[in-house]
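> what's the 3D shape of this:
(one chain, ligands or ions: 2)
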Amino acid sequence: MKKDFLKILDFTTEEVLDTFKLAIDMKKNPSKYSEALKGKTLALIFEKPSLRTRTSFDIGIQQLGGYSLYLSPAEINLGKRESVYDVSMVLDRMVQGIMIRTFGHDIVEDMSRFTRIPVINGLTDYTHPCQGMADYMTIKEIKGDFKKLKLTYVGDGNNVAHSLMNGGARLGVHVVVSTPAGYEPNLVAFKEAEEAAKLTGAKIEYIKDPFEAVKNADVVYTDTWASMGQEAEAEKRRRIFKDYQVNEKLMAKAKKDAIFMHCLPAHRNEEVTDAVIDSKQSVVFQEAENRLHVQKAIMYQLMK
Ligand code: CP
Ligand code: NVA
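Ligands and ions are numbered 1, 2, ... in the order given. A predicted model of the protein is given here:
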C-alpha cells in the first residue's frame, strides 16, 4: 500500500518522531544516504511561486541519488490544459513520486486517489505539512523535547497555522492561535486537531488578544497576512492585522528564552519587525534549512 503525505495527521506520533530522528541523522551524515533513492524521479508540480520548497525538494532528491522534474504552472496548467485525472495517470507511469503545490486541497486528495505513487503536499490553501514538520524538527533541536511547550501562532489562521495545530496535536504541544475576528483557523481544521490532541494530551486553543495569547510562550510564530492567491486583499489585511504584528513589545510577553519562527517569505515590518526577525531569538534560517533535511526523510520513507 502506498503512503502519501497530504497533512501531518497522515503520520502517527511515532511516524512523526521517526521522521525527525531520520532527518537529524541525514543532516549529520548526508553521505550515508547518497544512494538511498537511487534512480528514482520526483515530479515537482508548482501552481504557485516558491523558493524554499522548490530548492529543498530539488536538492533533497538529488542528495538521495534521485532526480527531480520541475513542472511549472505554465507547462501543466492543471485542470485547464488537462484534467487532474489525466495528469495523475500519466505521471504515475513515468515517475516514482509527486510533490505538488497548488490551491485547493481537493486537488492533492484527488491526485492521491488517482495514483499508485506517493503524493507529497508542498502547500495547499488548507495545509503546509512539510513546513510544519521542519518547524517542529527545529523546535526539537533547540528545546530538546516537546513536553510542556507552548507555541503561539499570531496572525492569519491559514495553511501554516493549520499545520502547526496538526503537528502540535501529534506531539503533545500546547498550541495557541491568535487572529483578528473573521480570520480564525478553519473550523474543520481546528476540530480535527482538537480530536487528534486527545491522543497526546496536547491543547489546541484560540485566544483573540495577541498579548494574552503570547504570555509565557516558548515559541512565537507568525506568517504573512496575505497568502499566495490573496494579493488583492493585502492592503485591507494590513489594516485589519496591524495589532497582530510580532514586535519587541509582543515578544516581551513570551518566556525569556522564547524563540521566534516564521516559515518565510517574510514581509518585514508588516507581520514581524526587523528587530524581531534579526534578533538572537529568531531561528528562521535554521527553520528554512530544516525543510531540506526533514523532506529528505519524508521522501525516503514514502519512496524507498
Ligand atoms: N516556506 C515556504 O514554503 O517557502 P516557499 O514559498 O519559498 O517555498
Ligand atoms: N501562508 C503562506 C505560506 C507561504 C510559504 C502562503 O500560503 O502564501
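> What parts of the stretch 151-300 of the chain come near ligand 2?
158, 159, 160, 223, 224, 227, 228, 263 (Cβ under 6 Å from any ligand atom). To be clear about C-beta, it is placed using only N, CA and C from the backbone, and glycine gets the same treatment.
> Chain neighbours aside, what residue packs nearest to residue 254?
residue 217 (4.3 Å; Cβ to Cβ, 6 or more residues apart in numbering).
> What are the boundaries of the helices in the stretch 51-200 of the chain?
52-63, 73-76, 84-92, 105-114, 129-143, 159-171, 187-197 (DSSP state H, counting those that start in this stretch).
> Highest mean neighbour count out of those helices?
helix 159-171 (a mean of 29; mean count of other Cβ atoms under 10 Å).
> lowest average confidence, helix or strand, in the chain?
Ranked by mean pLDDT, DSSP states H and E, the weakest helix or strand in the chain is helix 73-76, scoring a mean of 90.
> Return the distance of that one from the chain's centre.
Mean-position distance between helix 73-76 and its chain equals 24 Å (Cα atoms, centre = their mean, to the nearest Å).
> list the contacts for the closest residue to residue 9 other than its chain neighbours?
The shortest distance from residue 9 to any non-neighbouring residue, by Cβ to Cβ, 6+ apart, is to residue 166 (5.1 Å). With contact taken as Cβ atoms under 8 Å, 6 or more residues apart in numbering, residue 166 is in contact with 7, 8, 9, 127, 129, 132, 189, 192, 193, 196.
> residue contacts, the fifth one?
Residue 129 sits next to 5, 6, 7, 8, 10, 121, 163, 166 when contact means Cβ under 8 Å, 6+ apart.
> Check residue 156 too.
So, once contact is read as Cβ under 8 Å, 6+ apart, residue 156 ends up touching 179, 183, 223, 224, 225, 226, 227, 237, 241.
> got it, and residue 8?
16, 127, 129, 132, 133, 163, 166, 167, 170.
> could you point out the longest helix in this structure?
helix 284-303 (DSSP state H).
> Which neighbouring elements make contact with it?
On a contact count with 3 or more Cβ pairs under 8 Å, 6 or more residues apart in numbering; DSSP states H and E, helix 284-303 meets helix 13-28, helix 52-63, strand 97-101, strand 119-121, helix 129-143, strand 259-262.
> and of the ones you listed, who's closest to residue 38?
helix 52-63 (10.8 Å; Cβ to Cβ).
> so does that closest one get close to ligand 2?
No - applying Cβ under 6 Å from any ligand atom, one finds helix 52-63 out of contact with ligand 2, separated by at least 7.3 Å.
> Grab the nearest non-local neighbour of residue 302.
residue 118 (3.8 Å).
> Please work out how many residues are found near that neighbour.
By other Cβ atoms under 10 Å, 20 other residues sit near residue 118.
> Could you confirm whether stretch 146-158 reaches ligand 1?
No - Stretch 146-158 is not in contact with ligand 1 by Cβ under 6 Å from any ligand atom; minimum separation 12.0 Å.
> Please compute how far that stretch lies from its chain's middle.
On Cα atoms, centre = their mean, the centre of stretch 146-158 falls 13 Å from the chain's centre.
> how about that stretch: buried residues?
For stretch 146-158, a neighbour-count test (16 or more other Cβ atoms under 10 Å) marks 146, 149, 150, 151, 152, 153, 154, 155, 156, 157, 158 as buried.
> what's the most distant pair in the residues you listed?
So, the buried residues of stretch 146-158 by Cβ to Cβ: farthest apart are 146 and 156, at 24.3 Å.
> Residues of the stretch 51-200 of the chain that sit close to ligand 1?
51, 52, 53, 123, 131.
> try 5 Å
Residues of the stretch 51-200 of the chain found near ligand 1 (Cβ under 5 Å from any ligand atom) are 51, 52, 53.
> Out of those residues, which is nearest to residue 256?
Using Cβ to Cβ, residue 52 is the member of those that lies nearest residue 256, at 29.4 Å.
> How much space separates that closest one from residue 115?
With distances taken as Cβ to Cβ, to the nearest Å, residue 52 is found 25 Å from residue 115.
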